[in-house]
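Q: Turn this into a structure:
(2 chains)
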Amino acid sequence: MSTSRRDFARLMGIAAVSGVLPSQGYAAQKKPADFYEVPNFGNARLLHMTDCHGQLNPVYFREPSINLGIGTAYGKAPHVVGHKFLDHFDIVPGSMEAYAFTYLNFEQAAQEYGKVGGFAHLKTLVDRLRTSYGSENTLLLDGGDTWQGSGINYKSRGMDMVRACNLLGVDMMTGHWEFTYHQQEVLHNISQFNGEFLAQNVLITEDALFDGADDYIYDEDSMRVFKPYSIREMGGSRVAIIGQAFPRVKIANPARFVPDWSFDINGEMMQELVDDLRQNQGVDAVVVLSHNGMDVDVAMAQRVTGIDAILGGHTHDGIPAPTQVKNNGHTTLVCNVGSNGKFLGVLDLDIGKGKVNGFSYRLLPVFSELLPANPEMTALIAAERAPYAGWMDEELAVADEVLYRRGNFNGTFDQVICDALRSHYDAQISLSPGFRWGTSVLQGQTITMERVLDQTATTYPETYARDMTGAELKLILEDVADNIFNPEPYLQSGGDMVRLGGLDYRCDPLAAMGSRIDEMRLDNGTVIEANKTYRVAGWATVGARSEGDDIWDVVAQHLRDQQEVKIDKLNTPLLLNVAGNPGYKA
Amino acid sequence: MMNRRSILKAVFTGGLVAGMGVLMPRVALAAWSKAAFEAASQEAAMGALYSADPSASAQVTMKAPDIAENGAVVPVSVKSSLAGVTSIAIFVANNPQPLAAQFNIPEGTMADVSCRIRMGKTSQVTAVVTTASGEFSASKEVKVTIGGCGG
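A: Have a look, this model is predicted:
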């Protein structure tokens, strides 16, 4: 169940009376003297970051205007956007928080409130929250998607982020895009990471075990490749943190990079772990550090009993108040903390003997201008960036409008990528993956190679052009749509709809698998026919490696040719059955 | 205690009977049910093997992923606590030839098999266990997808 505005207000009311929660909530705050003053509560503090996608320096990031909730997720967090979001969480329109949490008035608010995130600013905030609470009772947890997303990450194979996270003081992490380096590189990076890499749901394949993988895996009997959990003494209590990596790595990303590892949700194994921790290991609180995606987190909270909090990521939802899920008399808090370094979650727990008595939660936006940069981290970032500065600083073009990606359907930066592909390959249609990472560029700003890499820096950047039939195109759209809009969360994979250049269509997210997509047309209005063949360009192939130029070079050349970038036509579908959906910008 | 790797090695060298069917199905099979394996519908395949429709049973447990990581090799495990299991078969309803595997279980052997099956598209997967008192089944849908895009 999502905490609605009324519930939240009620919760606050009860809390104020019982003294369980300190007075908080954005409406209650008005203009605090110190935005980052967080009162201490309870005996254990969990700081939670996720999905920074390698953004070491402050960035702009526009939140989505379309984030549809289907089935039981309708109108519940995270599937609320814009004013519906503000209403849901009682956030004052036009405030700094409204800028951080929604797309509303993005252009003007970005000018006014500036960039967000950046590890040097985050470091200052983390250190302050640790010191004020007591470092020995504080953990910094990273939900993953940390080693990938920038040009530097690509060149250093994620090692820049390992070094930055060591300096930041990350205690534990789990992963997703981490697994898009080769498995040997993943193991090497983990060996250099000062914290613990946790994942209960990554298993060794039997073939690999037979070939001697028992030399490095965590446990041969459970077949777990990584340590599944870690137990810490915090404020006199025993707290277990279980890692839950992204369960669909080998479906959403190339399986060839991690051939020996198998991923799944493993809900039954999760339940066994939770039961064991509670019954046999004297644990007082169980927390899951998850990369499931928020809908899957909520479903897991409904199906696995005994978890006190799921600190989640993957779907990039910055949610100001926990969703509270009741299951068998136990309540699980589901907290998701956005992306790109924009937010830091602060969960203070009052843990008694074998149970959590109360909590206090704040999701703090990291406003770079409000937090002084930590000099040591500034120096580390400069050193990591220096070898590649010449490459990334190239000025390619000027943005004539805001360029962004995030949203269920096409974003303006994706249209630039799609247009570049079509022009490079003289293709009728282009496809670009619906990744949720990728920073924003404001109108009038220069688009550097670094910003292009923010959108494209994967370890499988090669492009292709090939002939596809209309039937094949429809199959792709249907399959990807089902990964977003299947009403069963365990059958979703996160991510947004594949972006298209040169092709429009109609989409009914509520329809059944195989019948959501119709009315596919080329830009000139010609209807796509199932048996006809079309020239299609794309990139980031998950199966075999493609042979074409790297996508960032294709986009860079297109931008150099354009000089000024304005989107003439945004290829975006006509949507059915979304009127009134709180996850849809009216 | 024997660890998993040494079990695998033992199986590979033929030391454990239970594993034979998994790794060398043709060797272990007592009889090759040609008509069933070549049937183009699940109904026809089951009709060739069984005299009556199998009934769903909680004593048959099948493990298969909700979403296949690779449709070409989908891991499926079937076990049963029913007494006197003589055979275990796995059907993929939407495959061109739905009967994917049939294991003969010799007397005194644990009814616990696993194998990898090939799936062309999303389908119901059904395990059928044969005992002296008839056929019992467990079933679930396994999704095969080209994949979405990572978050």
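Q: I'd say residue A:175 and residue A:196 touch.
A: No: in this structure, residue A:175 is not within contact of residue A:196 by CB atoms under 8 Å, at 12.0 Å. In this view, the C-beta of every residue, glycine as well, is placed from N, C-alpha and C.
Q: in chain B, which residue is closest to the centre?
A: Closest to where the C-alpha atoms of chain B average out (CA atoms, centre = their mean) is residue B:90, at 3.6 Å.
Q: ok so that one is a strand residue?
A: Yes: counting by DSSP: H, G, I helix; E, B strand; the rest coil, residue B:90 is located in a strand.
Q: That one: what's it in contact with?
A: B:76, B:78, B:99-102, B:115, B:117, B:125-128 (CB atoms under 8 Å, 6 or more residues apart in numbering or on different chains).
Q: Which one of those is nearest to chain A?
A: residue B:115 (11.2 Å; CB to the nearest CB).
Q: okay, now residue 37: neighbour count?
A: Went with chain A since none was named. Counted with other CB atoms under 10 Å in any protein chain shown, the neighbours of residue A:37 add up to 10.
Q: that answer is for a different chain, and I need it for chain B
A: 17.
Q: in the stretch 1-150 of chain A, which spans are strands?
A: A:44-49, A:138-142 (DSSP state E, counting those that start in this stretch).
Q: for those, which one ends up most surrounded?
A: Ranked by mean neighbour count, these are led by strand A:44-49 with a mean of 26 (mean count of other CB atoms under 10 Å in any protein chain shown).
Q: Partner strands of that one and their direction?
A: Sheet partners assigned to strand A:44-49 using DSSP bridges are listed as strand A:138-142 (parallel), strand A:343-351 (antiparallel).
Q: Dump the C-alpha coordinates for that strand into PDB.
A: Output of strand A:44-49 as PDB, limited to C-alpha atoms (Å, rounded to 0.1, in the frame of the first residue of the first chain):
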ATOM      1  CA  ALA A  44      20.500   2.700  13.800                       C
ATOM      2  CA  ARG A  45      20.900   5.000  10.800                       C
ATOM      3  CA  LEU A  46      20.900   3.700   7.200                       C
ATOM      4  CA  LEU A  47      22.000   6.100   4.500                       C
ATOM      5  CA  HIS A  48      20.800   4.900   1.100                       C
ATOM      6  CA  MET A  49      22.000   5.900  -2.400                       C
END
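Q: rewinding a little: between residue A:175 and residue A:196, who's got more neighbours?
A: Neighbours were tallied for residue A:175 and for residue A:196 using other CB under 10 Å; the higher tally belongs to residue A:175 (28 against 17).
Q: From residue A:161, how far off is the more buried one?
A: Per CB to CB, to the nearest Å, residue A:175 is found 11 Å from residue A:161.
Q: which neighbours do these two share?
A: By CB under 8 Å, 6+ apart, the residues touching both residue A:175 and residue A:161 are A:146-147.
Q: okay, now the domains of chain A?
A: Per automatic domain parsing, the domain ranges recorded for chain A read A:44-56+A:115-200+A:217-390, A:393-575.
Q: residues in contact with residue A:377?
A: A:119-120, A:123, A:164, A:167-168.
Q: mind running it again at 7 Å?
A: A:119-120, A:123, A:167 (CB atoms under 7 Å, 6 or more residues apart in numbering or on different chains).
Q: Contacts only, for residue 117.
A: As the question left the chain open, I've gone with chain A. Applying CB under 7 Å, 6+ apart, the residues near residue A:117 are A:55, A:58-59, A:340-342, A:366, A:368.
Q: The chain in question should be chain B.
A: Residue B:117 touches B:74, B:76, B:90, B:92, B:100-101, counting by CB under 7 Å, 6+ apart.
Q: one more time with 6 Å
A: Residue B:117 makes contact with B:74, B:76, B:100, according to CB atoms under 6 Å, 6 or more residues apart in numbering or on different chains.
Q: Now flag whichever of the residues you listed is closest to residue B:35.
A: residue B:100 (15.4 Å; CB to CB).
Q: Tell me the one among the contacts of residue B:117 nearest to residue A:127.
A: Proximity of the contacts of residue B:117 to residue A:127 (CB to CB) peaks at residue B:74, which lies at 48.1 Å.
Q: same question for stretch A:303-319, mean pLDDT?
A: Here stretch A:303-319 scores 98 as its mean pLDDT.
Q: Sorry, wrong one. I was asking about stretch A:143-153.
A: 98.
Q: How far does it stretch from one end to the other?
A: Start to finish, the residues bounding stretch A:143-153 are 17 Å apart (CA to CA, to the nearest Å).
Q: Residue ranges in the chain under the pLDDT threshold?
A: In the absence of a named chain, chain A is used. A:1-33 (pLDDT under 70).
Q: Wait, chain B was what I had in mind.
A: Ranges of chain B meeting pLDDT under 70: B:1-31, B:147-151.
Q: Show the residue spans covered by the helices in it.
A: Ranges of helices in chain B, per DSSP state H, are B:4-12, B:17-23, B:25-28, B:34-38, B:42-49.
Q: Out of the contacts of residue A:377, which comes closest to chain B?
A: residue A:119 (20.6 Å).
Q: For that closest one, give its distance to residue A:129.
A: Residue A:119 is 15 Å from residue A:129, by CB to CB.
Q: The two: who's more crowded?
A: residue A:119 (29 against 22).
Q: Any figure for the gap between the one residue in the stretch 401-550 of chain A that gets nearest to chain B and residue A:494?
A: The nearest approach of the stretch 401-550 of chain A to chain B comes at residue A:483, 3.1 Å away (CB to the nearest CB). Separation of residue A:483 from residue A:494 (CB to CB): 8 Å.
Q: Would you map the strands across chain B?
A: Along chain B, counting by DSSP state E, strands occupy B:55-56, B:60-63, B:74-80, B:87-92, B:99-104, B:112-117, B:123-131, B:134-142.
Q: make that the stretch 301-450 of chain A, sorry
A: Under DSSP E, counting those that start in this stretch, the stretch 301-450 of chain A gives strands at A:309-312, A:323-327, A:330-336, A:343-351, A:356-365, A:395-399, A:429-432, A:446-448.
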